[in-house]
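>>> Got a predicted structure here, sequence first:
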Amino acid sequence: MSPLKKVILIFVLFLACLYISLPLKKPNKINNDLKLGLDLAGGSQLVFEADTSKISSDKKSSSLESLRNVIERRVNLFGISEPNVQTSNFQGKDRIVVELPGINDAKEAQALIGRTAQLVFAEVVEVPAKDATNPSTSLRTTSLTGADLAESSVTFDQNTGKPAVSLTFTKEGGEKFAKITGDNVGKPVAIVLDNEVVSAPNVQEKIVGGTAQITGSFTLDEAKKLSIQLNAGALPVPVKVVEERTIGATLGAESISKSIIAGLVGLGMVILFMILAYGKLGLVADIGLIVFGVITLALYKLIPVVLTLPGIAGFLLSVGMAVDSNILIFERFKEEKGKHSTISDALEVSFGRAWDSIRDANVATLLTAFILANPLDWNFLHTSGPVRGFAITLALGIAISLFTGIIVSRNLLRLFVKEKKHD
Amino acid sequence: MINWMKYRWLYLVISGTVILSGIFSLLKWGLKYGVDFTGGTLIEYKFQDGKKQTFKYSPMGEEELEKIRLDFKNQKAEEVRFENVGPSIGPELVKKTITAIVISAVGILLWVSLRFKSFKFGLSAVLGMLHDSLVLIGSFSLLGHFLGVEVDFLFVTALLTILSFSVHDTIVNYDRIREIKKKVGGEFYDIANEATSETMVRSLNNSFTIIFMLLALILLGGETIKWFAVALLIGTVSGTYSSPFVSVAILVTWDRIGKRLKKV
């Protein structure tokens, strides 16, 4: 293929990427919004530590997975857009990292997610007391639990008008409930949530419909949360919060706008510097750099990459390395220019020679990026967090910079040098 | 041609001074750790007059914390950042990062040794990397003592960035040595000098482009990334310096000692 055809192909690719990377008023399937991390967009991150001490080691990973699923369901039911729930492990400590974009008060979310919500129905049995005037009672848990629920929703108690939570059992659960109520007519049945009796209504008659109602002293909000927790299922293991971070939307927006301005000014200086140092060659490198930026942005959107502050650092480093590839070639070109009969010969030789160092240097960086990004999820390395975001943008940047530094700049220069001969 | 390698004693004095003062500061004052490492609470408020201020608290109970937040709320201050970190998180991340650094150092050692067919090259490149991390960590110990600059996760990221940059730059220098050795040959001392001269302009130009970017970030970027950019700047300067004046200088010294030993 002639250089001209290749340049045309590159130009088509550039236009396609430009279309994807430019912001649209109406995002569509290909061109949606750039995904920003919590440190840029604002939001909360909660880290829970799971207490897996009471779980046998062979069931640990499955119960952690179901823990993650339950938390994710709770967050989704709460109506948060695009939450991120991940498990992470370090030295036997199991963690669940929950990212909640746009949530600026994590307290509420924390209360919703962190509660075990273990629902049990218990029979109240009288314990024969020594002192007949003071009979005591104890609870005997039944086999009817939150796992037997088909659905739960908020209703209002018909007698008091107070918020209550209605329960609909599965078929099996309904049968259990019918048996329990049948056995306990005239006696109370306790509804126990996380080892606390929420209510203990007296059973008037055997209930066969498979529905029940919890009436405690709920506020509407509490009833709503409890219903979400019951719908999502109980947490298989208890959790506690070990980390909470909230970045207000204003700080995030400020970080973005300042970073963009700084990035543009920096990029402008780099572009100017390249032209001053290398003249027309520098201009070609600058075009390559712009192509680099546009392709990178398009890939961030397509993959998609969640952009964070460390991610921006990885991007900047890869910009530096993209420019470096060009500088290596041009410095070499300066040396080779005198040694060869034609400029295009000198150019081809320069590209060949510079390629050795570009390849070796970039492979070393890719190696580091690979270890930091930890794509195989090894437990002794980072499985989440800022370092991973950095590594992913760095690796992506290097891959794209190899493409723009070698293929784009090279073909542009070939075309440029050829036309120069026709002068 | 400039006889770069003649001034190896000077490079040793420069690097030695910087690293020793850093180590002195590290031993005497240590690093100023942010909440990412120590655990505790960091709250940033924007007051009505538009001024922003960050408050830091050591780990405390939920109720005390709520009292403080309510206090600021009453002053009509907007909470722009809230970080409450358990003290157990920090050491883990550091441990994982150190593991990652050790693995990549071994990987780089092997890769460079393989590409340049010499273990000496690999080891010197990794020593250059170590030099740059010591310079960076030492500088932040000094900055922490005199200006109260804290190290946080972003600092860890900067450290990792610099390690990559350092090796990248060193390999470009090595590549020139490899090429001259193959084409012209001769004394290693002279090869090192020639390679340093030939790569100097490229190294400086490349570093300038990165420095421009970072200066823009320091001067115009937000407060959150200011010290992060400073860390990258220190690392870039050190990384550019260390390629010829640490890694290559070590190779030259190694070569000379080896020859002297052979003579004896």
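Right, received. Where do you want to start? Numbers count the residues shown, from 1 in each chain, chains lettered A, B, ... in the order given.
>>> Return the set of buried residues in whichever strand or helix holds A:Asn362.
Take DSSP states H and E as the rule and A:Asn362 turns out to sit in helix A:343-373. Using 16 or more other CB atoms under 10 Å in any protein chain shown as the test for burial, helix A:343-373 gives A:343-344, A:346-351, A:353-373. Bear in mind the C-beta positions are built from the backbone N, C-alpha and C, glycine included.
>>> do stretch A:326-337 as well
For stretch A:326-337, a neighbour-count test (16+ other CB under 10 Å) marks A:Asn326, A:Ile327, A:Leu328, A:Ile329, A:Phe330, A:Glu331, A:Arg332, A:Phe333, A:Glu336 as buried.
>>> which of these come close to chain B?
Among these, the ones lying near chain B by CB under 8 Å from any CB of the partner chain are A:Ile327, A:Leu328, A:Glu331.
>>> Present those residues as a markdown table; the columns should include secondary structure.
Below are these laid out as a markdown table (DSSP: H, G, I helix; E, B strand; the rest coil):
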| residue | secondary structure |
| --- | --- |
| A:Ile327 | helix |
| A:Leu328 | helix |
| A:Glu331 | helix |
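>>> Between these, which sits nearest chain B?
Nearest to chain B out of those is A:Glu331 (CB to the nearest CB; 4.4 Å).
>>> Verify the contact between the closest one and B:Val201 for me.
Yes: with contact defined as CB atoms under 8 Å, A:Glu331 counts as touching B:Val201 (6.0 Å).
>>> Can you tell me what sits against stretch B:235-242?
Applying CB atoms under 8 Å, 6 or more residues apart in numbering or on different chains, the external contacts of stretch B:235-242 come out as B:15, B:128, B:131-132, B:135-136, B:158-159, B:161-162, B:165-166, B:169-170, B:203-204, B:206-207, B:210-211, B:214.
>>> Tell me the buried residues in stretch B:143-151?
B:Leu143, B:Gly144, B:His145, B:Val149, B:Glu150, B:Val151.
>>> So what would you say the end-to-end distance of that stretch is?
For stretch B:143-151, the first-to-last residue distance is 10 Å (CA to CA, to the nearest Å).
>>> per-residue pLDDT, residue 246?
Using chain A. Confidence at A:Thr246, expressed as pLDDT, is 84.
>>> Sorry, I should have been clearer: chain B.
94.
>>> before we move on, the earlier item: narrow the buried residues of stretch B:143-151 to those in helices?
Among the buried residues of stretch B:143-151, the members found in helices (DSSP state H) are B:Leu143, B:Gly144, B:His145.
>>> follow-up on the earlier one: return the distance of the helix holding A:Asn362 from the chain's centre.
33 Å (CA atoms, centre = their mean, to the nearest Å).
>>> Run through the neighbouring helices and strands of that helix.
Using 3 or more CB pairs under 8 Å, 6 or more residues apart in numbering or on different chains; DSSP states H and E, the elements in contact with helix A:343-373 are helix A:309-336, helix A:386-402, helix A:409-422, helix B:89-115, helix B:153-183.
>>> Helix B:153-183 and the first one, what's the angle between them?
Taking axes from the mean of the first three to the mean of the last three CA atoms, to 10 degrees, one finds that helix A:309-336 is oriented at 20 degrees with respect to helix B:153-183.
>>> what's downstream of the longest helix anywhere in chain B, the next helix or strand?
Taking DSSP H as the criterion, chain B has its longest helix at helix B:188-220. Per DSSP H and E, the first helix or strand lying C-terminal to helix B:188-220 is helix B:223-242.
>>> Could you identify the helix or strand that succeeds that next one?
helix B:249-263.
>>> What mean pLDDT does that following helix get?
pLDDT averaged over helix B:249-263 gives 90.
>>> Over to stretch A:173-192?
On average, the pLDDT along stretch A:173-192 is 87.
>>> distance between the ends of it?
16 Å.
>>> Please apply the same query to stretch A:97-105.
17 Å.
>>> What is the distance between stretch B:243-256 and the centre of its chain?
20 Å.
>>> Quick check: end-to-end length of it?
19 Å.
>>> same question, stretch A:19-38
26 Å.
>>> what's the neighbour count on A:Leu220?
11 (other CB atoms under 10 Å in any protein chain shown).
>>> Isn't it up against A:Pro163?
Yes: between A:Leu220 and A:Pro163 a contact is recorded at 4.6 Å, counting by CB under 8 Å.
>>> Assumed A:Val47 was part of a strand.
Yes: per three-state DSSP, A:Val47 lies within a strand segment.
>>> Hmm, it is touching A:Lys240, no?
No: taking CB under 8 Å as the definition, A:Val47 is not a contact partner of A:Lys240, at 10.0 Å.
>>> Name the residue in those two with the higher neighbour count.
Legend: neighbour count by other CB under 10 Å for A:Val47 and A:Lys240, higher for A:Val47 (22 against 10).
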